[in-house]
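Visitor: I'll drop the sequence and a predicted model, then ask my questions.
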Amino acid sequence: MTNSMVASWRRFQKYKPLIHELVGRDLKVKYRRSFLGYIWSILNPLLMMLLQSIIFSYMFRSNIPNFPLYLICGNTLFTFFNEATNMGMNSVIQNAALIKKVYIPKFIFPLSRVVSCFVTMSFSLAAIIVVMIVTKSPFYWTLLLCWLPLVFLFMFSCGLALLLSALTVYFRDMQHLYGVLTLGWSYATPLFYPIEALPDSIIPLMKLNPMYHYINLFRNLVMYGNIPGPNTWFANIASAVVSLALGLWAFRKMQKNFILYI
């Protein structure tokens, strides 16, 4: 797997201009004919946070301090993960015509989709700053480290997008099954509730969820000014590296017959 990652990195460097063009295309298509354009990257998380804050504050009566900030931190990361893996999953199929005409390393397509989603999420981080200012949240120095869980999540999403895109070429039902999986995954991630609200017997299972660790690390750095212990960092790094290595390995194994199925 290590050799696979090194080879992929070298090819990534060689085709970096192409990735740049694909990312630019994705962003232009996403905001085509939109009056506000990239501003929606900030408005969307703010509006979702406002709506969910109103609903969940009354439904669950949660005692979470600064619930709007808690909510937008979790939603921003999970929305990126959801969009990146869904777009990456269909990327090979959607570029079938180009793949049949010229030689291009196929892993570039899911990777470019994840990168474009990461750029969109970067704009969305401004919404978190807006919420911090409005709610008069303290700005801890640990905010400077918030890019670390984002990088780990990016790696994790790349690996899963590679795996899903390869599987979808052979099994088109993945497009429908994954939608159900991500819905369940969102409920199994503490986006709008604290993990302490769960039964003690469920909490160990929750901690097997990589998204819990990415969001937990991000919230600790942004909201509480804490640097979590080594277990949290290990969970973030290990899940990111394993996902990326597994995704690259599976994609390289399965891409040989893509041309017969796309």
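Guide: Thanks, I have the structure now. Numbers count the residues shown, from 1 in each chain.

Visitor: name the helices or strands packed onto the helix ranked longest in the chain?
Guide: For the chain, the helix with the greatest residue count under DSSP state H is helix 108-134. Helix 108-134 sits against helix 16-30, helix 40-59, helix 67-89, helix 91-94, helix 147-170, with contacts defined as 3 or more CB pairs under 8 Å, 6 or more residues apart in numbering; DSSP states H and E. Bear in mind the C-beta positions are built from the backbone N, C-alpha and C, glycine included.

Visitor: I'd like the ones you listed as a markdown table, with distance to residue 240 appended.
Guide: A markdown table is the format used below for the helices and strands packed on helix 108-134 (distance: least, CB to CB, whole Å):
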| stretch | distance to residue 240 |
| --- | --- |
| helix 16-30 | 20 |
| helix 40-59 | 23 |
| helix 67-89 | 12 |
| helix 91-94 | 20 |
| helix 147-170 | 4 |
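
Visitor: and of these, who's closest to residue 196?
Guide: Of all the helices and strands packed on helix 108-134, it is helix 67-89 that lies closest to residue 196, at 12.7 Å by CB to CB.

Visitor: relative to helix 108-134, how tilted is the closest one?
Guide: Angle between the axes of helix 67-89 and helix 108-134 is 170 degrees (criterion: axes from the mean of the first three to the mean of the last three CA atoms, to 10 degrees).

Visitor: now helix 67-89: average pLDDT?
Guide: Per-residue confidence for helix 67-89 averages out to 92 on the pLDDT scale.

Visitor: what of stretch 246-262?
Guide: Computed over stretch 246-262, the average pLDDT equals 86.

Visitor: dihedrals phi and psi, residue 136?
Guide: In this entry, residue 136 is assigned phi and psi values of phi 60, psi 40 (degrees, to the nearest 10).

Visitor: that one: how many residues sit nearby?
Guide: As a burial measure, the neighbour count of residue 136 was computed by other CB atoms under 10 Å and equals 7.

Visitor: can I get the helices and strands packed on helix 108-134 in TSV including distance to residue 140 and mean neighbour count?
Guide: Supplementary listing: the helices and strands packed on helix 108-134 in TSV, determined by distance: least, CB to CB, whole Å; neighbours: other CB atoms under 10 Å:
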stretch	distance to residue 140	mean neighbour count
helix 16-30	31	14
helix 40-59	20	16
helix 67-89	12	23
helix 91-94	37	20
helix 147-170	14	23
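
Visitor: closest to residue 123 out of those helices?
Guide: Comparing the helices and strands packed on helix 108-134 under CB to CB, the one sitting nearest is helix 40-59, at 3.5 Å.

Visitor: center of the chain - which residue?
Guide: Within the chain, the residue whose C-alpha comes closest to the C-alpha centroid is residue 81; the distance, by CA atoms, centre = their mean, is 2.1 Å.

Visitor: identify the residue nearest that one in space, chain neighbours excluded?
Guide: Excluding its sequence neighbours, the residue lying closest to residue 81 (CB to CB, 6 or more residues apart in numbering) is residue 157, at 5.4 Å.

Visitor: so what's that neighbour up against?
Guide: Contact partners of residue 157, counting by CB atoms under 8 Å, 6 or more residues apart in numbering, are 80, 81, 84, 85, 88, 114, 117, 243.

Visitor: lowest-pLDDT helix or strand in this structure?
Guide: Counting by mean pLDDT, DSSP states H and E, the chain has its least confident helix or strand at helix 2-14, which shows a mean of 61.

Visitor: sweet, I'm off.
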